[in-house]
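# sequence below, structure please.
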Amino acid sequence: MTRQELYKWVQDIYSTEPDYPWNDWNAVLRHKENNKWYGLIMEIPATKLGLQGDRLIDVLNVKCDPILIGSFRSKPGYFPAYHMNKENWISIALDGSIPADEIKSLVSMSYDLTAEKKA
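Down below sits the predicted model:
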């Protein structure tokens, strides 16, 4: 799944447009009702994830159930959250190594975990 495919999907499902708070290529996905982030899409050097080479890679950070994080991070394409709390967030490579349905499921989990709490 590419970042453009992800943007289209979150627009269709959550009516979310990417927000560019740093005026660069990096984007935040926010809830409309509480402005909380449920996704962060960044272009970072592969070496920041422990990968070889001098290429840049798109990653998606999502909030995840801490119980599941360890099992995801043992699979290719998943990494400790770059630039976020590693106990509650994971980084997902947007390089085709993870099926789109799996990414969508994790985005949905992140959306729910960061939603406004009902009283």
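# which non-adjacent residue is nearest residue 34?
Of all residues not flanking residue 34 in the chain, residue 116 sits nearest, at 4.5 Å (C-beta to C-beta, 6 or more residues apart in numbering). No exception for glycine: its C-beta is placed from N, CA and C like everyone else's.
# surely residue 36 touches residue 30?
Yes - Residue 36 is within contact range of residue 30, at 6.6 Å (criterion: C-beta atoms under 8 Å).
# those two: which has the busier surroundings?
residue 30 (20 against 15; other C-beta atoms under 10 Å).
# where along this protein do the helices fall?
With DSSP state H as the definition, the chain shows helices at residue ranges 3-14, 66-73, 100-113.
# which among those is found nearest to residue 24?
With C-beta to C-beta as the measure, helix 3-14 is the member of these nearest residue 24 (13.1 Å).
# pull out the buried positions in the closest one.
Across helix 3-14, burial judged by 16 or more other C-beta atoms under 10 Å covers 3, 6, 7, 9, 10, 14.
# for the helix or strand bottoming out on mean pLDDT in the chain, name the packing helices and strands.
Taking mean pLDDT, DSSP states H and E as the measure, the helices and strands of the chain show their lowest mean at helix 66-73, namely a mean of 87. Applying 3 or more C-beta pairs under 8 Å, 6 or more residues apart in numbering; DSSP states H and E, one finds that helix 66-73 makes contact with strand 78-80, strand 89-93.
# with distance to residue 24, mean neighbour count and mean pLDDT added, can I get the ones you listed in TSV?
Shown next, in TSV, are the helices and strands packed on helix 66-73 (distance: least, C-beta to C-beta, whole Å; neighbours: other C-beta atoms under 10 Å; pLDDT from 0 to 100):
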stretch	distance to residue 24	mean neighbour count	mean pLDDT
strand 78-80	21	18	91
strand 89-93	18	24	94
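# out of those, which is closest to residue 102?
Evaluated over these, closeness to residue 102 peaks at strand 89-93, with 8.6 Å, by C-beta to C-beta.
# CA atoms only for the closest one, dumped as PDB, please.
The C-alpha atoms that make up strand 89-93 are tabulated as PDB, following Å, rounded to 0.1, in the frame of the first residue of the first chain:
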ATOM      1  CA  TRP A  89       2.900   2.700  18.600                       C
ATOM      2  CA  ILE A  90       4.500   0.700  15.700                       C
ATOM      3  CA  SER A  91       6.000   1.800  12.400                       C
ATOM      4  CA  ILE A  92       4.800   0.000   9.300                       C
ATOM      5  CA  ALA A  93       6.800   0.100   6.000                       C
END
